[in-house]
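Student: could you work out the structure for the sequence below:
(2 chains)
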Number of protein chains: 2
Amino acid sequence: MSNDIQNTEPLKRLLLDSFLLDSREAFHIARTTISSQNGLVYHCHNYAELFWIKQGAGIHVINGAEVPLQPGSLFMIRPSDMHTFKLGKPGMNMVITNIAFRKENLDFFRKRYFPGSDSFFWSNKKIPFTCQLAPGQLNEVSALADRLIGQPRDFLHLDFIMLHIFRLITSLRSEYLHIPHWLAYALENYNSPERFKRGTEEFVALAGRSPDHINRTLKKFLKQTLTETVNKARLRFASQQLIMTNSPIKTICYDCGFDNVPYFHRVFKKHYGITPLEYQKRNHKIF
Amino acid sequence: MSNDIQNTEPLKRLLLDSFLLDSREAFHIARTTISSQNGLVYHCHNYAELFWIKQGAGIHVINGAEVPLQPGSLFMIRPSDMHTFKLGKPGMNMVITNIAFRKENLDFFRKRYFPGSDSFFWSNKKIPFTCQLAPGQLNEVSALADRLIGQPRDFLHLDFIMLHIFRLITSLRSEYLHIPHWLAYALENYNSPERFKRGTEEFVALAGRSPDHINRTLKKFLKQTLTETVNKARLRFASQQLIMTNSPIKTICYDCGFDNVPYFHRVFKKHYGITPLEYQKRNHKIF
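Tutor: So this is what the prediction gives:
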């Protein structure tokens, strides 16, 4: 296999209309297993494209550079990007899901959701936006794509999956983006009364690492201990419950895994500057 | 409790800004347990509102009419609608989740997703749009609202939940809207190889009714037998797999629960007018 596939083949420009069955379709979605180099050509597009790797491994040849692909790799391809794929080793497959849509939608997405953004599809960098989905996120996105099969390919369904993906990516707080996946996973999922009740042990179980290793990694990336991390998650949940529900403060206290109400008050006030009751009163009910 | 609550209390106009913490917030979301008439007043809004009942029962007093509410009841309230709630029986609670957002978003939603629609928020009828969520849908919407807690209240998250709800409602094919919930549930969920492999028995299990009762109900509402219903679901799945994946036709045939390929070909061609291979060829790959 040649290493400079991009130089030996003519540049092809793919047109979205050739994938759409009908001019009313707003997007194309497909899942493809790449098992040989046949049919892979270096190309650009007249449309925007998002793809992720569901299984297997390979190489993304993009604007002359080579970026390794593994399960969970996600790319947002701008119309001007030139790219193709290479398989890693002979006999190795790669399962790619991609979504293609008219570039006009990019202006719409930026205006409504990311005003002034120079990230995602609006990055000016040589290599387009890429990120690594955690295993749970990869499953979520793949399940979503499965659900889209057979649904109308209209703007409702395009935006449905795109917002889901944008949300998934932006909900990784920026500080999470460079931390190990096992830790991001634990931080994302340590979020329910059942988990809080099992205390730090539950966080350790979610992380799947030793408490020492977790503490060292938390200090390195988030400058906080395991206990502080767990308390922060509990307080965040408490503040959300105070805003979103009308559960009594006592219930919220126990749901967050705090053993007694005065201690909960003290920790809450230390963190938010006001008591839980004051925090709750600031919220208006809709009725 | 007076039956003409709407005549004895002054009409109050609620303002969205009084619920938003900050002018950058695009919406308000809250879950409230109504356990007494205290604080319930007949009101209109300067905003659009969507609500659904998670638990309990009561009455929706809306534009002078009374509509019973039960778990899964969902309403789309226009700014001009006047409404309030009444509890069914003394001691009975009602858990309501509602989402409020600026009415300008309604123009946006209509233009992009439902051009020319006179349904949903754009209905001109006296009673605003309402529908009954099936139990699975109610759980899905409620879980989604839970996930929104603590997320930024921006357009990304407003549209995220609204598109989810619009999609859920429109994915009920119009013919499903008046059929019994247990049947809608079975039709929606009979959609995977695991289920197809267990044949009509699996459909019966999903429906939770006797085969005779299912057959009678299917004939009444959809003019088809249980076997026809099951085959239709299998063929729909097959057509989606042919478009969305590059699985061999043989695999798709077995995944759909058909025992042999020639029979699958025959049934497919009878339904779609072309063979599975022709159907697959009409689909273009993205690469």
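Student: now do stretch A:245-255: everything it contacts.
Tutor: A:193, A:196, A:237-238, A:241-242, A:260-261, A:264, A:276-277, A:280, A:285, B:31-33 (CB atoms under 8 Å, 6 or more residues apart in numbering or on different chains). Backbone N, C-alpha and C define where each C-beta goes, glycine included.
Student: low-confidence ranges, chain A, go.
Tutor: Along chain A, the model assigns pLDDT under 70 to residues A:1-10, A:21, A:149-150, A:171-177, A:282-287.
Student: switch to 50 and redo it
Tutor: A:1-7, A:175, A:284 (pLDDT under 50).
Student: per the record, what domains does it have?
Tutor: With domains defined by automatic domain parsing, chain A comprises A:5-171, A:181-281.
Student: out of the ones you listed, which is closest to B:Tyr272?
Tutor: Closest of these to B:Tyr272 is domain A:5-171, at 13.4 Å (criterion: CB to CB).
Student: centre of the chain to that closest one, how far?
Tutor: Relative to the chain's own centre, domain A:5-171 is displaced by 14 Å; criterion: CA atoms, centre = their mean, to the nearest Å.
Student: got it, and stretch A:265-283?
Tutor: Taking mean C-alpha positions (CA atoms, centre = their mean), stretch A:265-283 and its chain are 31 Å apart.
Student: now tell me what touches it from outside.
Tutor: A:231-232, A:235, A:238-239, A:242-243, A:249, A:252-253, A:258, A:264, B:21, B:30.
Student: return the set of buried residues in that stretch.
Tutor: A:His265, A:Val267, A:Phe268, A:Pro276, A:Tyr279, A:Gln280 (16 or more other CB atoms under 10 Å in any protein chain shown).
Student: in TSV: the residues you listed, plus secondary structure.
Tutor: Shown next, in TSV, are the buried residues of stretch A:265-283 (DSSP: H, G, I helix; E, B strand; the rest coil):
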residue	secondary structure
A:His265	helix
A:Val267	helix
A:Phe268	helix
A:Pro276	helix
A:Tyr279	helix
A:Gln280	helix
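Student: closest to B:Ile77 among these?
Tutor: A:Gln280 (25.4 Å).
Student: any idea how far that closest one is from chain B?
Tutor: 12 Å (CB to the nearest CB, to the nearest Å).
Student: over to A:Arg110?
Tutor: 12 Å.
Student: report the angle between the helix or strand hosting that residue and helix B:104-113.
Tutor: Assigned by DSSP states H and E, A:Arg110 belongs to helix A:104-113. If you take axes from the mean of the first three to the mean of the last three CA atoms, to 10 degrees, helix A:104-113 sits at 170 degrees to helix B:104-113.
Student: so which elements touch helix A:104-113?
Tutor: Packing contacts for helix A:104-113, counted by 3 or more CB pairs under 8 Å, 6 or more residues apart in numbering or on different chains; DSSP states H and E, involve helix A:155-171, helix B:155-171.
Student: which residues touch the last one?
Tutor: If you take CB under 8 Å, 6+ apart as the criterion, helix B:155-171 is touched by A:112-113, A:151, A:156-157, A:159-160, A:163-164, A:166-167, A:170, B:26-27, B:29, B:50, B:74, B:99, B:101, B:105, B:109, B:113-114, B:120, B:131, B:133, B:137, B:140-141, B:144-145, B:148, B:151, B:188.
Student: quick one, strands of chain A?
Tutor: Counting by DSSP state E, one finds strands in chain A at the ranges A:12-14, A:27-34, A:43-45, A:47-56, A:58-62, A:65-69, A:73-77, A:83-87, A:94-102, A:130-132.
Student: Serialize those to TSV and add fields for distance to chain B and mean neighbour count.
Tutor: Shown next, in TSV, are the strands of chain A (distance: least, CB to the nearest CB, whole Å; neighbours: other CB atoms under 10 Å in any protein chain shown):
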stretch	distance to chain B	mean neighbour count
strand A:12-14	8	13
strand A:27-34	5	21
strand A:43-45	8	18
strand A:47-56	8	22
strand A:58-62	12	21
strand A:65-69	14	15
strand A:73-77	11	22
strand A:83-87	8	20
strand A:94-102	5	21
strand A:130-132	16	16
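Student: out of these, which gets nearest to A:Glu201?
Tutor: Judging the strands of chain A by CB to CB, what sits closest to A:Glu201 is strand A:130-132, at 27.7 Å.
Student: buried ones in stretch A:147-161?
Tutor: A:Leu148, A:Ile149, A:Gln151, A:Arg153, A:Asp154, A:Phe155, A:Leu156, A:His157, A:Leu158, A:Asp159, A:Phe160, A:Ile161.
Student: closest to B:Thr84 out of the residues you listed?
Tutor: Using CB to CB as the measure, the one of the buried residues of stretch A:147-161 that approaches B:Thr84 most closely is A:Leu156, at 31.7 Å.
Student: quick revisit: could the helices and strands packed on helix A:104-113 go into JSON lines alongside distance to A:Leu11?
Tutor: Formatted as JSON lines, those follow (distance: least, CB to CB, whole Å):
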{"stretch": "helix A:155-171", "distance to A:Leu11": "27"}
{"stretch": "helix B:155-171", "distance to A:Leu11": "35"}
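Student: so which of those is nearest B:Lys223?
Tutor: helix B:155-171 (21.1 Å).
Student: okay, the angle between that closest one and helix A:104-113?
Tutor: Using the same axes, to 10 degrees: helix B:155-171 against helix A:104-113 is 120 degrees.
Student: and stretch A:182-201, what's buried?
Tutor: A:182-191, A:193, A:195-196, A:200.
Student: tell me which of the residues you listed fall in helices.
Tutor: A:Trp182, A:Leu183, A:Ala184, A:Tyr185, A:Ala186, A:Leu187, A:Glu188, A:Asn189, A:Pro193, A:Arg195, A:Phe196, A:Thr200 (DSSP state H).
Student: what sits closest to the second one if chain neighbours are left out?
Tutor: Across the structure, with CB to CB, 6 or more residues apart in numbering or on different chains as the measure, the residue nearest A:Leu183 apart from its sequence neighbours is A:Thr217 (5.7 Å).
Student: what count of nearby residues applies to that neighbour?
Tutor: Neighbourhood size, A:Thr217 [other CB atoms under 10 Å in any protein chain shown]: 17.
Student: mind checking how far it is from A:Arg209?
Tutor: 8 Å (CB to CB, to the nearest Å).
Student: quick revisit: of all the ones in helices among the buried residues of stretch A:182-201, which two lie farthest apart?
Tutor: A:Trp182 and A:Pro193 (23.0 Å).
Student: what's the closest non-adjacent residue to A:His43?
Tutor: A:His43 sits nearest to A:Lys12 (CB to CB, 6+ apart), 4.2 Å away.
Student: check contacts around that neighbour.
Tutor: So A:Lys12 contacts A:Val41, A:Tyr42, A:His43, A:Cys44 (CB under 8 Å, 6+ apart).
Student: quick check: bridge partners of the third one?
Tutor: Going back to what we said before, that points to A:His43. Beta-bridge partners for A:His43, by DSSP bridges, are A:Lys12, A:His83.
Student: hmm, A:Ser18 and it touching each other?
Tutor: No - using CB atoms under 8 Å, A:His43 makes no contact with A:Ser18, being 12.0 Å away.
Student: could I get the strands of chain A as TSV with distance to B:Lys125?
Tutor: Listed next are the strands of chain A as TSV, based on distance: least, CB to CB, whole Å:
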stretch	distance to B:Lys125
strand A:12-14	46
strand A:27-34	33
strand A:43-45	45
strand A:47-56	39
strand A:58-62	53
strand A:65-69	52
strand A:73-77	42
strand A:83-87	51
strand A:94-102	35
strand A:130-132	46
